[in-house]
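Engineer: Just to be clear, the model below is a prediction. Sequence and coordinates:
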Amino acid sequence: MSELTVTLLRFGFLALLWIFIFSIVASQGRDLAVGGKLPAVLTRSRGDRRGAAEEPVPPAAGPTTGQRSRPRTLFVLDGPLRGRSYPLGNAPVLLGRSPEATVPLGDDYASGRHARLFPQGSRWFLEDLGSTNGTFVGQQRLSRAVPLDPGTPFRVGKTVLELRS
Amino acid sequence: MSAPAGTLPREEQVEPRQKPRRLTELLLLVLAVGIGVGANVLVDPEQLGSGDPHLLVSGLVLGIGALVLHVVLRLRAKYADPYVLPIVVALNGLGIAMIHRIDLTTDQTAASSQVVWTAFAMTAAGLVLWFLKDHRVLRRITYICLLLSGLLLLLPLLPGLGLELNGARIWISVGGRTFQPGEVAKITLAVFFAGYLSTNRDLILLAGKKVGPVRLPRFRDMAPMFAAWIIAIGVLVFQRDLGSAILFFGLFVAMIYLATSRLSWIVIGLLLVAVGGFFASQAFGHVAARLDSWLNAFDPEVYNRAPGGSGQIVQGLFGLSSGGLFGQGLGQGRPDLVSYANSDMIMTAFGEELGLIGLSAVLVLFFLFVTRGFRAALGTRDAFGKLLAAGLSAVLVLQLFVVVGGVTRLIPLTGLTTPFMSAGGSSLLSNWIIAAIILAISHTARRPVVTGPATEADLAEVAAYEAALREAARRDDQERAERLERRRDRRPRKETDGSGEDTAQADGAQADGAQADREDGATAPRSDASDTVRRPAVSADTAATEPITAAGPGGRRDAEDADHHGGTPTEAMSRLTDQDRRDPGGSRSTENGGAS
């Protein structure tokens, strides 16, 4: 191998190493910006600016086309996770302070396993799991599973949540 | 009730769902394997023509291993971090190349065993990823991990099994192969610290006496932590391996700081290191020798000292300096002049052959890996996962600091392996497992809470859950009916013999109190209010049996509760692990009763 090739390969390899690093960093930039803490902060400040007037977005018993579909988002109106939203699928969702919960609330007033949302037909049902401080829909403390309409806020500990379509 | 599509809440757009980004990973993997194979070619271009199988074998192991892990990620952890795997593969490939390069000049065969271990470690990582669907199951084995750490650290001290190399007794020898159990212990210890701290964080933070501005945690909250720490440090005093001791102690301090976010822990930790280091240098000859060859490295007398001289460090420094900015080029330098060039001193070998630019590239790769670990810790939603990911990243960064600080004479040199690069199977294995755990955690961190359209399994789960609900309701009704029945039976009996039992009155009244409480708790809808009124006249034998029957419904109710929550497998799992639940669960019946 000629001297030139060796030198070229030597520098080429160093270049390859740094190309690898820069391609990671470049594509990482997009990854770092989304999710996690940052959007929660953003939405919080946005929510504050909006003020209370717009806060309870009414369900706007809108154009219910023949197709009735379940709400697909769980939105946190108030509490430590305020401004977060969680997409809902077809599996039951456990709400509570416990780290095992599907949505760990980080709320000192919530029980470990506080309440459960489960889908049935075209609706989500909310059920209290024997929590210490209770689960409230409006002023009503739950004693059994109740169907939840989108836009109806419910309270788990100090966290207020609602379903949105 | 579906809202019109136009009025989607803005928040959902602010926090878009994470994409799996497996394609990014695949492209980066191609680049990473290219780096690994390229390095292996460059260290000895002549081998291309000769029949040396090393290049082919190492290339195949790296390529196929990376591909298999990629597929495992696609199948089992779709949302896992896309950068961790390429970084690790690149580092591993570079390590193999350098070990092979040093083999060529020193007639060792470390590279082939390193390739075998790479394959083995990748398999282990794949298995971890396959079976560790949810990292939170590790929390269940918190104390098993403590036990395991103790065992692993004690193993090298056992006569017959332990092996002493270069003054440190940290190896075990099984069937001619050596293994360093301490490397695995750093994972189990991290799991233990994470599990213990995530459960008892609040107690450590809030309970205890306040001394000046510092709140001291109660001893019993900290005892298991100190037990772990004493095991780690005490055993390592006997094994005389300073590097691992620093690593375990650093892990301990880092994790407790991560859990409590009190800077005082770092200060206390550094003070303890200073005090411990001082006493160790006074008490142990080998520590004093290490310190001496750090401080007076260029002293000819120290340089030439037979065991524990500073020759290794100084040769490493000469290697780094001869590397300069661009390095000698792979295969062109003389890194083999340094003793242990393929394990402890592999960083100086890279510095010599790739120069400052190449060495900083390697370091940046490590730091990127660690930032991805911390990113997973930030993103995941449970405290255990956060602590585990951050703790494992902290272990890696500490280990790197100890190694690079040692070879550059920033701190005394202690024998630790460079993660993913140094020759040594146990180190490679445990670091790949760490990478796998971080990948698993990053999957839970990045995936949406509940994903996509329902699968068959989801539907079955929901159906099972609903069936369990119906069953529970049915049994509830049945039981209520039975109780009513019993009460009705009792009433006529009481009317006939109720008047004559004066002696049993006190007992009856007492039992009645308990009974009334329980009834309140257990049966929400009361059938007749007169029930408690008529109770004082209950006969002695009924009074005696009363508490048992009264406890019956409560107990059964609990069992029923369990059934009823056992509807979905995930719930059943969380019920097993969740200790928080015990409290609300314990007070449940009275709470409910109070409300209804």
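Structural biologist: In hand now; what should we look at?

Engineer: neighbours around residue B:403, how many?
Structural biologist: Neighbour count of residue B:403, defined by other CB atoms under 10 Å in any protein chain shown: 25. C-beta here means a position set from N, CA and C on the backbone, and glycine is covered the same way.

Engineer: same question, the one 4 residues further on
Structural biologist: Applying the criterion other CB under 10 Å, we find 25 residues in the vicinity of residue B:407.

Engineer: Over to the one 10 residues further on?
Structural biologist: One way to gauge burial is a neighbour count; for residue B:417, by other CB under 10 Å, it gives 23.

Engineer: Please list all residues in contact with the residue nearest to it when sequence neighbours are not counted.
Structural biologist: Closest residue to residue B:417 apart from its sequence neighbours, by CB to CB, 6 or more residues apart in numbering or on different chains: residue B:427 at 4.0 Å. Residues in contact with residue B:427 (CB atoms under 8 Å, 6 or more residues apart in numbering or on different chains) are B:180, B:183, B:417, B:419.

Engineer: mind checking the SS state of the residue nearest to residue A:144 when sequence neighbours are not counted?
Structural biologist: Distances taken as CB to CB, 6+ apart place residue A:127 nearest to residue A:144, at 7.2 Å, with adjacent residues excluded. At residue A:127 the chain is in strand, as set by DSSP: H, G, I helix; E, B strand; the rest coil.

Engineer: How about residue A:127: which residues does it bridge to?
Structural biologist: As for beta bridges, residue A:127 partners with residue A:116 under DSSP bridges.

Engineer: which ones are touching it?
Structural biologist: Here residue A:127 is in contact with A:115, A:116, A:117, A:118, A:142, A:144, A:145, A:146 (criterion: CB under 8 Å, 6+ apart).

Engineer: just checking, the second one touches residue A:103?
Structural biologist: In this case it means residue A:116. No - using CB atoms under 8 Å, residue A:116 makes no contact with residue A:103, being 10.5 Å away.

Engineer: which neighbours do the two share?
Structural biologist: A:93, A:94, A:95.

Engineer: Go through those and flag which are in strands.
Structural biologist: The members of the shared contacts of residue A:116 and residue A:103 that map onto strands under DSSP state E are A:93, A:94, A:95.

Engineer: Please work out how many residues are found near the second one.
Structural biologist: A total of 25 residues lie near residue A:94 under the criterion other CB under 10 Å.

Engineer: swap in residue A:27?
Structural biologist: Residue A:27: 16 neighbours (other CB under 10 Å).

Engineer: Secondary structure element holding it?
Structural biologist: helix A:3-33 (DSSP states H and E).

Engineer: how far does that helix sit from the chain's center?
Structural biologist: Put simply, helix A:3-33 sits 36 Å off its chain's centre (CA atoms, centre = their mean, to the nearest Å).

Engineer: Can you read off the pLDDT for the residue nearest to residue B:417?
Structural biologist: pLDDT for residue B:427: 92.

Engineer: Does it lie in a helix or a strand, and which?
Structural biologist: Applying DSSP H and E, one finds residue B:427 within helix B:425-446.

Engineer: cool, residue A:155 as well?
Structural biologist: strand A:154-156.

Engineer: What are the contacting residues of that strand?
Structural biologist: A:95-96, A:105, A:107, A:110, A:114-115, A:126, A:131, A:135-138, A:148, A:160-162.

Engineer: Select only the buried ones of the residues you listed in ChimeraX?
Structural biologist: In ChimeraX, a selection of the buried entries from the contacts of strand A:154-156 looks like this (16 or more other CB atoms under 10 Å in any protein chain shown):
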select /A:95,96,105,107,110,114,115,126,131,135,136,137,148,160,161,162
